[in-house]
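[1] curious how this folds, go ahead:
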Amino acid sequence: MKIKVILQADVAGLGEVGEVKDVAGGYARNYLLPRKLVLPATKGNMAVLEQQRSRISERQDQNRVEAQKLADRIGALPLAFEVRVGEQGRLYGSVTAQDIAQRLKDDGGIEIDRRGIELKEALRALGEFDVPIRVAHTVTAHVKVTLRDQAVVRAEAAQAQAAIEAQARAEAEAQANAAIDASQGVEEISGVGAAVDAPQGVEAIDAAETAVSVPQAVGVPQAVGVPQAVGVPQEVGAVSAAKTIAEAAPLETVDDAPAATEAESATTLPAE
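    Residues are numbered from 1 along each chain as shown. Coordinates of the predicted model:
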């Protein structure tokens with residue numbers, strides 16, 4: 001037996017808020033009325049409905065916008081199921097509308113009445129399926145449902161994990177080798193440091209400058225027995241030595257003196 005009700009909210013597959021519908025009595029008593037989705041279409045409720053037509057129309061427009069947002073969320077949330085596969089690709093079990101509704105809640109926090117999932121029959125094969133979901137009377141979402149072999153999924157996960165671990169080991173070895181190379185480079189630079197502090201080329205230049213600052217007088221013998229003044233160039237010392245020798249030499253005899261000198265000496269002597 002059917003009864004007439006006034007929808008207080010959008011009900012997928014039934015209608016929008018404010019509409020008057022005939023529904024099965026059991027459906028109304030067991031589902032619609034306990035959830036306050038409808039009101040009995042009594043004379044009093046129908047009078048109130050007429051007074052609230054404009055407000056109901058605004059509410060319908062708002063509900064359509066919200067329903068479209070929900071449909072977009074559902075469409076952006078693909079669902080994947082891992083199933084056991086037997087011989088000839090047959091599945092152990094199936095994926096039902098209830099499974100899809102529960103996965104939407106678990107993965108996306110989206111609660112959908114399984115009655116709105118328009119699945120003609122349960123999914124019993126591997127592959128991808130487009131499943132329509134009616135979220136409002138005039139708005140339908142589409143979700144992609146994929147069924148994959150559980151054994152294949154686990155093997156792929158193991159391979160991916162092995163590749164990650166191999167990459168981590170390779171990076172660790174590369175870092176260790178780089179650290180060793182850097183350490184050897186520091187030791188080589190430290191060994192070269194001593195040569196940099198006192199290079200042989202600089203020592204040679206210093207020796208050459210010392211030789212230039214104390215030149216040796218060419219062809220002038222150094223006086224024997226005459227001490228050399230510290231810090232006095234050798235040529236100066238040689239000249240001084242020669243001068244000393246000349247002053248120390250004995251005077252020449254009268255016989256060797258010139259005649260003018262003898263006459264000069266005779267003239268100056270007093271008479272006895």
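[2] from here on, contacts and neighbour counts on C-alpha atoms
    OK.
[3] for Val135, what are its contacts?
    By Cα atoms under 8 Å, 6 or more residues apart in numbering, the contact set of Val135 is Ala12, Ala67, Leu70, Ala71, Ile112, Gly116, Ala141.
[4] scan these and report the most crowded one.
    Compared across these, Ala141 has the highest neighbour count, 23 neighbours, by other Cα atoms under 10 Å.
[5] for that one, give the beta-bridge partners.
    Beta-bridge partners recorded for Ala141 (DSSP bridges): Ile133.
[6] give the contact list for Lys105.
    Per Cα under 8 Å, 6+ apart, neighbours of Lys105: Glu111, Ile112.
[7] which helix or which strand is home to it?
    helix 97-108 (DSSP states H and E).
[8] next step: the contacts of Val135 restricted to strands.
    Ala141 (DSSP state E).
[9] how about CSV for the contacts of Val135, with distance to Arg29 and pLDDT added?
    CSV is the format used below for these (distance: Cα to Cα, whole Å; pLDDT from 0 to 100):
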residue, distance to Arg29, pLDDT
Ala12, 17, 73
Ala67, 26, 89
Leu70, 28, 94
Ala71, 29, 94
Ile112, 20, 89
Gly116, 19, 87
Ala141, 28, 94
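[10] can I get the contacts of Val135 in CSV with distance to Glu173?
    Formatted as CSV, the contacts of Val135 follow (distance: Cα to Cα, whole Å):
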residue, distance to Glu173
Ala12, 60
Ala67, 55
Leu70, 50
Ala71, 50
Ile112, 52
Gly116, 56
Ala141, 51
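[11] ok, of the contacts of Val135, which one's closest to Glu156?
    For the contacts of Val135, the residue nearest Glu156 by Cα to Cα is Ala141; the value is 31.0 Å.
[12] which ones are touching that closest one?
    Ala71, Asp72, Ile74, Gly75, Pro132, Ile133, Arg134, Val135.
[13] only the buried subset of these, as a ChimeraX command please.
    Buried residues among the contacts of Ala141 (16 or more other Cα atoms under 10 Å), as a ChimeraX selection:
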select :71,74,75,132,133,134,135
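[14] for the contacts of Ala141, give me JSON lines that also has distance to Gln98.
    Putting these into JSON lines (distance: Cα to Cα, whole Å) gives the following:
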{"residue": "Ala71", "distance to Gln98": "18"}
{"residue": "Asp72", "distance to Gln98": "20"}
{"residue": "Ile74", "distance to Gln98": "15"}
{"residue": "Gly75", "distance to Gln98": "18"}
{"residue": "Pro132", "distance to Gln98": "14"}
{"residue": "Ile133", "distance to Gln98": "12"}
{"residue": "Arg134", "distance to Gln98": "14"}
{"residue": "Val135", "distance to Gln98": "15"}
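[15] closest one of the contacts of Ala141 to Asn45?
    Val135 (26.2 Å).
[16] I'd like the distance between that closest one and Lys2.
    24 Å (Cα to Cα, to the nearest Å).
[17] what's the burial count for Val48?
    The number of residues near Val48, taken as other Cα under 10 Å, comes to 11.
[18] just the buried positions in whichever helix or strand it is part of, please.
    Counting by DSSP H and E, the element that carries Val48 is helix 43-51. Under the neighbour-count criterion of 16+ other Cα under 10 Å, helix 43-51 has Met46, Leu49 buried.
[19] residues contacting it, please?
    Gly18, Leu39.
[20] check contacts around the closest residue to Leu33 other than its chain neighbours.
    Spatial nearest neighbour of Leu33, excluding adjacent residues (Cα to Cα, 6 or more residues apart in numbering): Leu39 at 6.9 Å. Applying Cα under 8 Å, 6+ apart to Leu39 gives the contacts Val5, Ile6, Leu7, Gln8, Leu33, Asn45.
[21] the fifth one - how many residues pack around it?
    Around Leu33 sit 16 other residues, with neighbours defined as other Cα under 10 Å.
[22] can you pull the pLDDT of it?
    Per-residue confidence (pLDDT) for Leu33: 93.
[23] now do the second one
    Turning to Ile6, the model gives it a pLDDT of 94.
[24] identify the bridge partners of it.
    Val20, Leu39.
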